[in-house]
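Q: Here you go, sequence then predicted model.
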Amino acid sequence: MSNFINIKSRYSQQGLSLVELMIATTVSLLLMAGVGQIFLSTKASNSLQNGAGRLQENARLAFEILSQNIGQAGFTTDLSGISAFNSANTLENGSENAGLGFTTANGTASDVIEINYVSATDCLGNGTGASGTATDRYFIAGNQLMCLGNGNAAAGILGIGIENMQLLYGEDTDDDNIANLFVNKDNVTTWEDIKSVRISLLVTTTQAMTITDSLTHVLLNTPPILPINDNALRRVFTRTILIRNN
């Protein structure tokens, strides 16, 4: 009886065989690989969603600033009137971003717009002095929306993640105070007949993304901007701004 108990006890305490241990290890590794893949996929998806959200917010802020400021072009407090646009400094294909290939040579450089309006401060909040007239020039430098106010030694940053800006001017050709023809700067007939400005922005994420920009982007009548193929998400946004005082 004693020998039977000892033999049973010895067999019941057997460990795993080498084959069983290898199988268990392999299954564990497969499970860990699956969990890791899910984690990386979720992280990339969250990063993309956050980047897209910040991109849209940067576009919204840029348009809010442009709409508020450009919309008051030509504003004056009396009947003397001022020119809403400075046509000499309003440029078609004038602000290059050569690092991304947006150059005057291929017609994709950003446009530049300069406006006037009666105000105690310019686009950067600096005083306009005795003249009481703000002169603001909007352009793209690098990946930033910039403004140069009158009397300022240097331009200031108004928005980030803005890679390209294209403009069309809505001209009223039948005297009904409504734009019926949108043209680029070089084709404007009479600046006093401009009733609106159509603005198209190419906006990008400001942090690296696990994505390849494989889209062709078209901004108004500009030649298509071919895929840049870097780790950034890009979208085109367009808005038309009414010029109330011209």
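A: On my side now, so go ahead. Numbers count the residues shown, from 1 in each chain.

Q: just checking, residue 162 touches residue 202?
A: Yes: using C-beta atoms under 8 Å, residue 162 makes contact with residue 202 at a distance of 7.5 Å. All C-beta atoms are positioned from the backbone trio N, CA, C, and that covers glycine.

Q: ok, now which ones touch the residue positioned nearest the centre of the chain?
A: Centroid-nearest residue in the chain, with C-alpha atoms, centre = their mean: residue 203, separated by 1.7 Å. By C-beta atoms under 8 Å, 6 or more residues apart in numbering, residue 203 lies in contact with 55-56, 58-59, 62, 161-163, 234-237.

Q: again, only this time at 10 Å
A: 54-60, 62-63, 143, 145, 159-164, 233-237 (C-beta atoms under 10 Å, 6 or more residues apart in numbering).

Q: Make sure I have this right: residue 64 is in a helix.
A: Yes: under DSSP: H, G, I helix; E, B strand; the rest coil, residue 64 falls within a helix.

Q: mean confidence for stretch 34-49?
A: On average, the pLDDT along stretch 34-49 is 64.

Q: cool, stretch 217-229 as well?
A: Average pLDDT, stretch 217-229: 93.

Q: got the buried residues for that stretch?
A: Buried positions in stretch 217-229, judged by neighbour count with 16 or more other C-beta atoms under 10 Å: 217, 219, 222, 225, 228.

Q: and what of stretch 180-192?
A: Result for stretch 180-192 [16+ other C-beta under 10 Å]: buried residues 182-185, 188, 191.

Q: So which of those sit within strands?
A: Secondary structure from DSSP state E places 182-183 of those in strands.

Q: Of the buried residues of stretch 180-192, which is the nearest to residue 208?
A: residue 184 (34.2 Å; C-beta to C-beta).

Q: What count of nearby residues applies to the closest residue in space to the closest one that isn't next to it in sequence?
A: Excluding the flanking residues, the one nearest residue 184 by C-beta to C-beta, 6 or more residues apart in numbering is residue 92, at 5.0 Å. Each residue near residue 92 was counted by other C-beta atoms under 10 Å, and the total is 19.

Q: Could you measure from residue 92 over to residue 167?
A: 8 Å (C-beta to C-beta, to the nearest Å).

Q: Find residues that contact each of these two.
A: Joint contacts of residue 92 and residue 167 (C-beta under 10 Å, 6+ apart) are 111-112, 184-185, 222.

Q: Below-threshold pLDDT in this protein: ranges please.
A: Along the chain, the model assigns pLDDT under 70 to residues 1-16, 35-36, 39-48, 151.

Q: where exactly do the strands run in it?
A: For the chain, applying DSSP E gives strands covering 91-95, 110-118, 133-141, 144-148, 156-160, 162-171, 181-183, 194-204, 234-242.

Q: closest one to residue 37 among those strands?
A: Per C-beta to C-beta, nearest to residue 37 of the strands of the chain: strand 234-242, 27.4 Å.

Q: I'd like to know which elements that closest one is packed against.
A: Counting contacts by 3 or more C-beta pairs under 10 Å, 6 or more residues apart in numbering; DSSP states H and E, strand 234-242 packs against helix 18-70, strand 162-171, strand 194-204.

Q: Compute the inter-axis angle for the shortest one and strand 144-148.
A: Taking axes from the mean of the first three to the mean of the last three C-alpha atoms, to 10 degrees, strand 162-171 and strand 144-148 form an angle of 60 degrees between their directions.

Q: what's the angle from strand 162-171 to strand 133-141?
A: Strand 162-171 runs at 130 degrees relative to strand 133-141, counting by the same axes, to 10 degrees.

Q: Just the residues contacting stretch 119-133, thanks.
A: With contacts defined as C-beta under 10 Å, 6+ apart, stretch 119-133 is touched by 65-66, 68-70, 72, 75-77, 82, 115-118, 134-138, 146-152, 154-158.
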